[in-house]
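Q: give me a model of this one.
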Amino acid sequence: MASRASAVLLVTALCAAALSRSRSFGAAAQTQPCGAGDLAALRGFSAGLDAGVDGWPTAANASDDACCDWPGVTCGEAAAVVGLALPNRTLRGQVAASLAGLVALRVLDLSGNALRGALPAGLLRLRSLEVLDVSANALAGGLLAAAAGAIDLPAARVFNVSYNAFNGTHPVLPGARNLSAYDASGNAFEGPVHAATLCAESPALRVLRLSLNRLSGAFPAGFGQCRSLIELSLDGNGIHGALPDDLFGVTSLQFLSLHTNSISGGLSPRLRNLSRLVRLDFSFNAFSGPLPDVFDALAGLQELSAPSNQLSGELPATISRCRLLRVLNLRNNSFVGDIGLDFRALRGLVYLDLGANGFTGPIPASLPECRGMAALNLGRNKLTGEIPASFANFSALSFLSLTGNSFSNVSSALQTLQGLPNLTSLVLTRNFHSGEEMPSDDAGIAGFPSIQVLVIANCELHGTIPSWIAGLRKLRVLDLSWNRLAGPIPPWLGQFDRLFYLDISNNSLQGEIPGSLAQMPGLVAAGAHSGGGDDEAQVQDFPFFMRRNTSVQGRQYNQVDSFPPSLVLGHNNLTGGVPAALGALTRVHIVDLSWNRLSGPIPPDLSGMTSLESLDMSNNALSGVIPASLTQLSFLSHFDVSFNNLSGEVPVGGQFSTFSRGDFQGNPLLCGIHVARCTRKDEPPRAVDGGGGGKQERSAGTGVAAAIGVATALLVAVAAAVTWRVWSKRQEDNARVAADDDDDDDGSLESAAKSTLVLLFPAGEEEDSDEGERAMTLEDVMKATRNFDASCIVGCGGFGMVYRATLADGSEVAVKRLSGDFWQMEREFRAEVETLSRVRHRNLVPLQGYCRAGKDRLLIYPYMENGSLDHWLHERGGGALAWPARLGIARGAARGLAHLHASSEPRVLHRDIKSSNILLDARLEPKLADFGLARLVLPTDTHVTTDLVGTLGYIPPEYGSSSVATYRGDVYSLGVVLLELVTGRRPVDMARPVGGGRDVTSWAVRMRREARGDEVIDTSVDERKHREEAAMVLDVACACVNDNPKSRPTARQVVEWLEAIAASASLAPRVTDTVHTVNTCNWR
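A: The predicted model follows:
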């Protein structure tokens, strides 16, 4: 964005100017020793850090007093220190008060580190300081309190304390008349915005950012005194009230960001005074009334974003006069009338979102004049007519949503759109409601060369699933649900290489489930749904919604990769059995077979769907027992087999204790947990006639049988009432099953939970432990997890579910629930837990507590606010992690592993190093998780099992032929993680061809061997120096993944190599713009 870029250049120029006046003296000063005061100040600063500053002398070398030669230090006249610039150096520790002894300091840049604690008050009283930048650290406390209410920085030009944890009132700099850039974004400042005081004290302000705080109160008057203001960012606060008139007097404004507040009232016609605006964003507020017709005065406007307000009326015609407009987002308002814009005058438009309004009439035929249009959302309006033939000219269009209108002629629409070369997503839900036919194979549709997402749902289309869809070879998401399609499910639906989301529910499809659906590559192989090739468009933040039959509110997914891999076939007329081969779908998350006419047993092989989260087979005619193997589905949080003909005992174990009575109702012959008590062997059997499952429409004969079944079921209910009081509590409460022990069926859960103490381990030296000794009971844990409610689940692995728990004092912990039988006796298990609790390191997730709950064991860990490395690299997108952060994570993970291997007592094999087991705290400090758990669940030998040790893509090759896990095997897995950090790719990428990067490890090794290593480095790593460092990390990674275990380095050697790479990092300060530009637009 031009305005934001100019603001960054402004800050850079000010920093350079502040130092340039010193460089004429610096050449001579570099050979002179520092003054005693400056030397003491710098040594005190270094001593306050956890590990000192790379390149600075250590305490053992105290004779080195030539501090002007130290990295990051600039000296001026008389060898006085005038600049200290150490950005992005991964410094940790506290900022020493001694720095205030640098009385001649002009520039202090400590940004992009991990500094903590308070900012020393003396730094806020350095009268020569022109640039103060401590952004992107973990500094905390109130700045006014730290300075005793007296900030004295009269020479300040740049004041940047953004993205820390400062609180209290936001600071004002009295007498800072030359202050040009003020950034306090991303903190916890609260109270009102002191606009009048800020502008009165610093009238030369050009950049003012207070985004992402907790500021409140009415929108203040006073900004009108900042006559040179280029950027004003107040987004992400709680400001309310109307915009004051004086704001429209700041005619220099180019960038105005007010989104995500509670600002209300109408937009003043005085908006035309802000004629230099380039970006105007007041999304997610409560503005009402019409948009003023003033845009002819805003000729330079490039972005207008105002979604989710209460704006109404017709679109101002003068918007067409903004010829530089690239983004127009007015979604979710109450605009009406025709879309009366002249798009021939808006040829530069790349994003247009007018969704969720009340627009009527046809689509303007001139829209395709915007030849660069990449995303177009006209969904949820009242538009009519056909898709204009001119839409065939949208050569750059990638995303198109027309959902929820009243368009007609689906055949013409598809014929028009099929030739768009870059169209990846097409959503036509809820249109064509006049009984149209799904275009058949003779409709002439054979295009859509790039389509990945095709949604033609809820359109009441007749016909069959056409075979022209088989030609869409890049398809990843297909939704044809809620139509009137009949006929069989075509077997070719299982032959798409990338399809991982298939929803053809709520139709009238017949026949058996094709066996080919059990071979869908996108549901069998890891990584098949994680993106396409390099030639495919990847535009984020385009809204997709999923609404389940049982869900009141749909879920929104802003990225296709976030969709859960799904096979949804419910509400049809399918017959036959449930294919046992579905167990091969190891990557599927949701399977819905409900409301069909399926019969036969539930195959035990379904336990092979190891990633399954939801399985619905309700309202069929299934018979036999519920296989006990389904208890092995550790991720399963929804399971419904109600209204079938199932019999026998409901399995106990795994996630079955978390399901409800309703998930099993309508199966009179079922007994056990959640239903009726099972008959003992010495009791006479109760004969019960089956009541039928399947569809509600049954024949008269079936109705008679059902009546008999109901009568018999009543008799069973009467008999069950005798023992109901004994069993009811165990059937009602999910937490009861988790907490009770089978040896004490009549025990009181409440008393047991209150009396069962959680064993809490003392904090190590590396952890903050200002809390006193406290007691915790199992009841506390149950309340904190809402009785282990599925909504609290934040993760799961081979060892069990992980719950996010909020304790009574507001603190958060992670509770790992180890389920199933354990090889050890309780005393041995507890001893092993206590041993692991003593394994402490700053890069390991410490075990904080332990408790036994029936057959389950609960392990208490600190909750990691930033989730896993896997989430940051592969779900948020590699660009979310800058290279310095990636290098820091690599170093920390290696240090943690080296400690496990060589320094901990006992020495520990991790056996499952992967990016999802590297968690990041609030400071992005990496911590290895799940170390030592195999010692608890497996015998003490080191045999490898595919269930509990290793994850696809991380498993060393020798584990395929050997039964012994080794330290060098852990190093191999760490090397794969290093490759993830360098490439930004998952270890296995099924969307890529064999030999072309599918196995990222072998591909990276081969490319490096061919001297093409630069081609594997993530494209988001764009600075030359960073790419050089990434190339060195690639060298380390390739050494770790050597096929010969003996040739791999030790974890300690990996640490040494990575530390050496970090030490070689550039010492020059870098200023980069991390804010989204005009091409990165929200669709939320």
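
Q: who's in contact with the closest residue to residue 297 other than its chain neighbours?
A: Spatial nearest neighbour of residue 297, chain neighbours left out: residue 272 (3.9 Å); criterion: C-beta to C-beta, 6 or more residues apart in numbering. Just so you know, the C-beta spots here come from the backbone N, C-alpha and C atoms, and that holds for glycine as well. Residues in contact with residue 272, defined by C-beta atoms under 8 Å, 6 or more residues apart in numbering, are 292, 294, 296-298.

Q: can you list the residues you listed in TSV and add neighbour count, secondary structure and pLDDT?
A: TSV is the format used below for these (neighbours: other C-beta atoms under 10 Å; DSSP: H, G, I helix; E, B strand; the rest coil; pLDDT from 0 to 100):
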residue	neighbour count	secondary structure	pLDDT
292	15	coil	95
294	20	coil	95
296	15	helix	94
297	15	helix	95
298	24	coil	95
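
Q: so what are the domain limits for this protein?
A: Following automatic domain parsing, the chain resolves into domains at 1-191, 420-558, 575-732, 749-762+774-862, 869-1063.

Q: where are the low-confidence patches of the stretch 501-650 of the chain?
A: Scanning the stretch 501-650 of the chain for pLDDT under 70 picks out 525-562.

Q: now the helices: where do they sit in it?
A: Under the criterion DSSP state H, counting those that start in this stretch, the stretch 501-650 of the chain contains helices at 521-524.

Q: how about the strands in it?
A: For the stretch 501-650 of the chain, the strands defined by DSSP state E, counting those that start in this stretch occupy 501-503, 508-511, 544-546, 555-557, 566-568, 573-574, 590-592, 599-600, 614-616, 621-624, 638-640, 645-649.

Q: where do the strands sit along the stretch 151-300 of the chain?
A: Assigned by DSSP E, counting those that start in this stretch, the stretch 151-300 of the chain shows strands spanning 158-160, 165-168, 181-183, 188-191, 207-209, 214-218, 231-233, 238-241, 255-257, 262-265, 279-281, 286-289.

Q: redo those strands as JSON lines? Include mean neighbour count, distance to residue 42 and mean pLDDT.
A: What follows is those, written out as JSON lines (neighbours: other C-beta atoms under 10 Å; distance: least, C-beta to C-beta, whole Å; pLDDT from 0 to 100):
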{"stretch": "strand 158-160", "mean neighbour count": "24", "distance to residue 42": "22", "mean pLDDT": "96"}
{"stretch": "strand 165-168", "mean neighbour count": "18", "distance to residue 42": "25", "mean pLDDT": "90"}
{"stretch": "strand 181-183", "mean neighbour count": "24", "distance to residue 42": "26", "mean pLDDT": "96"}
{"stretch": "strand 188-191", "mean neighbour count": "17", "distance to residue 42": "31", "mean pLDDT": "91"}
{"stretch": "strand 207-209", "mean neighbour count": "24", "distance to residue 42": "30", "mean pLDDT": "96"}
{"stretch": "strand 214-218", "mean neighbour count": "16", "distance to residue 42": "36", "mean pLDDT": "93"}
{"stretch": "strand 231-233", "mean neighbour count": "23", "distance to residue 42": "34", "mean pLDDT": "95"}
{"stretch": "strand 238-241", "mean neighbour count": "16", "distance to residue 42": "42", "mean pLDDT": "93"}
{"stretch": "strand 255-257", "mean neighbour count": "23", "distance to residue 42": "38", "mean pLDDT": "95"}
{"stretch": "strand 262-265", "mean neighbour count": "17", "distance to residue 42": "46", "mean pLDDT": "93"}
{"stretch": "strand 279-281", "mean neighbour count": "23", "distance to residue 42": "42", "mean pLDDT": "95"}
{"stretch": "strand 286-289", "mean neighbour count": "16", "distance to residue 42": "52", "mean pLDDT": "94"}
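
Q: turn the ones you listed into TSV, columns for distance to residue 74.
A: Compiled in TSV, the strands of the stretch 151-300 of the chain are given as follows (distance: least, C-beta to C-beta, whole Å):
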stretch	distance to residue 74
strand 158-160	16
strand 165-168	27
strand 181-183	20
strand 188-191	31
strand 207-209	24
strand 214-218	36
strand 231-233	28
strand 238-241	40
strand 255-257	31
strand 262-265	44
strand 279-281	35
strand 286-289	48
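
Q: relative to residue 1050, which of those is closest?
A: Counting by C-beta to C-beta, residue 1050 lies closest to strand 165-168 out of the strands of the stretch 151-300 of the chain; the figure is 37.3 Å.

Q: which elements pack onto the closest one?
A: If you count contacts as 3 or more C-beta pairs under 8 Å, 6 or more residues apart in numbering; DSSP states H and E, strand 165-168 packs onto strand 138-142, helix 143-146, strand 188-191.

Q: among those, which comes closest to residue 974?
A: The closest of the helices and strands packed on strand 165-168 to residue 974 is strand 138-142. By C-beta to C-beta, the value is 26.1 Å.

Q: mind listing the strands that closest one pairs with, and their directions?
A: The strands beside strand 138-142 in its sheet (DSSP bridges) come out as strand 114-117 (parallel), strand 165-168 (parallel).

Q: for it, which outside residues touch it?
A: 95, 114-119, 161, 164-169, 922-923.

Q: only alpha carbons, please: show stretch 1013-1020 as PDB.
A: This file holds the C-alpha atoms of stretch 1013-1020, laid out as PDB (Å, rounded to 0.1, in the frame of the first residue of the first chain):
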ATOM      1  CA  GLY A1013      19.200 -25.700  -3.200                       C
ATOM      2  CA  ASP A1014      17.900 -22.200  -3.600                       C
ATOM      3  CA  GLU A1015      14.900 -23.500  -5.400                       C
ATOM      4  CA  VAL A1016      13.600 -25.400  -2.400                       C
ATOM      5  CA  ILE A1017      13.700 -22.300   0.000                       C
ATOM      6  CA  ASP A1018      10.300 -20.900   0.800                       C
ATOM      7  CA  THR A1019       9.500 -18.000  -1.500                       C
ATOM      8  CA  SER A1020       8.300 -16.000   1.500                       C
END
